[in-house]
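Peer 1: can you look at this prediction? I've put the sequence above it.
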Amino acid sequence: MDRTKNQVVEVITASIQKEWLNPNEVYQEFGFSISTLAKWRMTHKNLRFSKIGKYIKYKRSDIETFLLSHCIKEVA
């Protein structure tokens, strides 16, 4: 029974972790360097983040919105 509970907790934890990313995970998935993310936080670059204590987290949907808002149309 405990094993099943642990598996459920692991699945829930994994799904939460996928929605909220730390700067290293953002780098791994989206390619923004950790130092670039830090500069953007200091200059309010419009990439939303949450900070709880010393922990910085980025919501995946906010990163995707940021990328979409910076699309450039090609001129024909």
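Peer 2: Noted; the coordinates are in hand. Keep in mind that this is a model prediction, so the values were computed, not measured.
Peer 1: what does stretch 55-74 contact?
Peer 2: For stretch 55-74, contacts defined as C-beta atoms under 8 Å, 6 or more residues apart in numbering pick out 18-23, 26, 30, 37, 41, 46-51. (Each C-beta comes from the backbone N, C-alpha and C, glycine too.)
Peer 1: can you give me the strands in this structure?
Peer 2: Along the chain, the stretches classed as strands by DSSP state E are 20-21, 50-52, 55-59.
Peer 1: now Arg60: how far from Gln7?
Peer 2: Distance from Arg60 to Gln7, counting by C-beta to C-beta, to the nearest Å: 24 Å.
Peer 1: any chance of JSON lines for the strands of the chain, columns mean pLDDT?
Peer 2: Formatted as JSON lines, these follow (pLDDT from 0 to 100):
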{"stretch": "strand 20-21", "mean pLDDT": "94"}
{"stretch": "strand 50-52", "mean pLDDT": "94"}
{"stretch": "strand 55-59", "mean pLDDT": "96"}
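Peer 1: tell me, please, the helix or strand in this structure that averages the lowest pLDDT.
Peer 2: Lowest on mean pLDDT, DSSP states H and E among the helices and strands of the chain sits helix 2-19, with a mean of 71.
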